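In: Kindly generate the corresponding structure for this input.
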Amino acid sequence: MQKTRTVGVNNLKERIALINHFIQEGKKDAQIRRLASGVLSQRCGKEWCIPEKDWDAEVEAIFLWIRNNVRYTLDPWELELFQKARRSLENRTADCDDQVILAGAMLQVVGYPIRLIVVDTGKGGYSHIYLSVGLPPLDPKKWLPFDLTATTEPLGWEVPTYTVKRKRIFQVQEV
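Out: Residues are numbered from 1 along each chain as shown. Got it, this is the predicted structure:
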């Protein structure tokens with residue numbers, strides 16, 4: 001049984017650094033690699049269910065897999081918890097930052113650049129985080145919002161701009 005380790009996170013910069021670190025750790029995890037590869041390598045008869053180099057379909061497949069297999073839930077009462085990607089898979093639950101860590105690791109392990117987007121909706125500072133993913137992956141021409149928390153919204157949805165007081169975007173990169 002794994003113990004939960006407490007790490008102090010005092011500000012947004014430290015929060016982003018920890019999330020980035022967990023994404024980088026997750027993309028090196030063989031279990032995450034097998035999972036992401038398995039999501040993309042399903043066969044439909046003699047053909048791949050998701051055609052090779054269909055970047056939009058690959059990203060959507062990962063989005064839908066997480067949406068269908070990891071339940072959005074809140075952090076423990078009065079505790080900001082950051083789960084590694086593997087822990088979110090084990091628990092099958094994750095809040096917004098945990099979903100970002102899992103999705104970020106899965107997307108990066110199969111070659112996609114990602115960015116972290118944090119927003120302040122007036123509920124006590126930067127209270128929400130989600131991803132955007134670069135398409136096509138090798139030379140992004142567009143960044144597609146990837147927010148799993150709005151459980152009835154499709155890939156590409158993001159927090160409506162009229163509710164956003166402040167917004168910051170952070171590059172995710174090897175540390």
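
In: quick one, helices of this protein?
Out: Ranges of helices within the chain are 12-27, 30-40, 55-69, 85-91, 96-109, based on DSSP state H.

In: Identify each buried residue in the last one, please.
Out: In other words, helix 96-109. 96-109 (16 or more other C-beta atoms under 10 Å). Glycine gets a C-beta too; all of them are placed from N, C-alpha and C.

In: of all those residues, which comes closest to residue 162?
Out: Residue 162 lies nearest to residue 96 out of the buried residues of helix 96-109, by C-beta to C-beta, at 19.6 Å.

In: For that closest one, report the pLDDT, please.
Out: Here the pLDDT value assigned to residue 96 is 96.

In: Test my guess that it contacts residue 121.
Out: No: the criterion here is C-beta atoms under 8 Å, and residue 96 misses it with residue 121 at 11.8 Å.

In: shared neighbours, these two?
Out: Residues touching both residue 96 and residue 121 by C-beta atoms under 8 Å, 6 or more residues apart in numbering: residue 128.

In: where does the chain have low pLDDT?
Out: The chain contains residues with pLDDT under 70 at 1-8.

In: Could you point out the longest strand of it?
Out: Identified as the longest strand of the chain according to DSSP state E is strand 126-135.

In: Name the strands paired with it and say parallel or antiparallel.
Out: Paired neighbours of strand 126-135 in the sheet (DSSP bridges): strand 114-120 (antiparallel), strand 142-146 (antiparallel).

In: export that strand as CSV, just CAs?
Out: Extracted in CSV, the C-alpha atoms of strand 126-135 (Å, rounded to 0.1, in the frame of the first residue of the first chain):
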residue,chain,number,x,y,z
TYR,A,126,-6.9,30.6,-9.6
SER,A,127,-9.4,27.8,-8.9
HIS,A,128,-9.5,25.8,-12.0
ILE,A,129,-6.9,24.2,-14.3
TYR,A,130,-7.2,22.3,-17.6
LEU,A,131,-5.1,21.5,-20.7
SER,A,132,-4.8,22.5,-24.2
VAL,A,133,-3.2,20.1,-26.7
GLY,A,134,-1.2,21.2,-29.8
LEU,A,135,-2.5,19.9,-33.2
